[in-house]
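Colleague: based on what follows, work out the 3D shape:
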Amino acid sequence: MAHSLTSLAVFQSTTHKEMVRSLHVYGSMEIEREFLFEKKSCYVEKETKPLFCLEGFRRPEISKGSVLCGTWRCIFVFRFNHGLPRFPYLLCISR
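Modeller: Here you go, the predicted structure:
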């Protein structure tokens, strides 16, 4: 059975600004991805191992500006049944 996206958080590295990690929650399925964004092109998905504990992500205190694992700052949070937040410029296709 397919699940709809229920939560999404996007984190930018504080040490390597071009690195971005995302946490996706689809019902009970959790996926973590990492990307390298280049200034004059799109992005490249990198191979990665899970870094974040999704239980922490689900807590209400994780919000834009939160820092996880010491070097990943949250730049975007989406939660089902909440208004759609504004997308950071880094994530915009037309940047």
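Colleague: so which strand or helix has Val44?
Modeller: For Val44, the host element (DSSP states H and E) is strand 43-46.
Colleague: that strand pairs with which strands, parallel or anti?
Modeller: Here strand 43-46 is paired, per DSSP bridges, with strand 29-37 (antiparallel).
Colleague: for Val10, which non-adjacent residue is spatially closest?
Modeller: In this structure, Val10 finds its nearest non-sequential neighbour in Phe76, 4.0 Å apart by C-beta to C-beta, 6 or more residues apart in numbering. To be clear about C-beta, it is placed using only N, CA and C from the backbone, and glycine gets the same treatment.
Colleague: about what we covered before: contacts for the strand holding Val44 next, please.
Modeller: The set of residues external to strand 43-46 that reach it, using C-beta atoms under 8 Å, 6 or more residues apart in numbering, is Val20, Arg33, Glu34, Phe35, Leu36, Phe37, Glu38.
Colleague: if any of these are buried, put those into a ChimeraX selection.
Modeller: Buried residues among those (16 or more other C-beta atoms under 10 Å), as a ChimeraX selection:
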select :20,34,35,37
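Colleague: returning to what we had before: could I get the strand holding Val44 in PDB with only the CA atoms?
Modeller: In PDB, the C-alpha atoms belonging to strand 43-46 read as follows (Å, rounded to 0.1, in the frame of the first residue of the first chain):
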ATOM      1  CA  TYR A  43      21.700  18.900  -7.600                       C
ATOM      2  CA  VAL A  44      23.300  15.500  -7.400                       C
ATOM      3  CA  GLU A  45      22.000  12.900  -5.000                       C
ATOM      4  CA  LYS A  46      24.800  11.300  -2.900                       C
END
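Colleague: who's in contact with stretch 14-22?
Modeller: Against stretch 14-22 from outside (C-beta under 8 Å, 6+ apart): 8-13, 32-39, 43, 48, 51-52, 67, 71-73, 75, 90-91.
Colleague: good, wrapping up.
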